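Asker: Quick one: sequence and predicted model below, then my questions.
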Amino acid sequence: MSRIAICAAVAALAALAGCGTLTESPSQRVLVQTVLDHRAVAGAGCILQNDAGKWFVTTPARVSIRRSVGQLRVDCRLDNAAWAYEKINSKQNSTLWGNVALTAGIGIMVDRNTGQGFDYPDVLTVEMKRYDGEAGQPPPDAGRTVY
């Protein structure tokens, strides 16, 4: 094999080494756990949703979700006793920076579109709030932001 072909092959491998699309799985396993009054609570039903899909889990449990640039919305209910709604931002992972260094930014566009250059926290601890039935105030509708 010629020296030019070897150099070209090495350069191509180096350029693709940082690409999250090639090195990262499109899914990520996360642990969802719920807390009420500073204690872990089991049996809450939670819907996790981002722009790549929607998943259901009964806490505590692990679930595989698709990576995304967008927020992960977590909506949990525990009978009529407690509720939670949280938005969790994704963060850039190391493969995204590898793209900047090795592909002059070309691979970063692919990873942003596929979400594979981003991660959510491995453990999602959702703080639940008590349902105030006496005041007649139901928990907010799913998809509503609580501040």
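Answerer: Here it is on my side, so go on.
Asker: For the rest of this, base every contact and every neighbour count on C-alpha atoms.
Answerer: OK.
Asker: Mind listing the strands the host helix or strand of Glu86 pairs with, and their directions?
Answerer: Element membership for Glu86, per DSSP states H and E: strand 82-88. Sheet partners assigned to strand 82-88 using DSSP bridges are listed as strand 72-78 (antiparallel), strand 129-130 (antiparallel).
Asker: Please identify the deepest-packed of these.
Answerer: Among the strands paired with strand 82-88, ranked by average contacts under mean count of other CA atoms under 10 Å, first place goes to strand 72-78 (a mean of 23).
Asker: so which of the strands paired with strand 82-88 comes closest to Val35?
Answerer: strand 129-130 (8.9 Å; CA to CA).
Asker: any residues touching the closest one, and which ones?
Answerer: Taking CA atoms under 8 Å, 6 or more residues apart in numbering as the criterion, the residues outside strand 129-130 that touch it are Leu36, Ala81, Ala82, Trp83, Ala84.
Asker: returning to that earlier point: which stretch among the strands paired with strand 82-88 comes nearest Phe118?
Answerer: With CA to CA as the criterion, Phe118 lies closest to strand 72-78 of those, at 11.8 Å.
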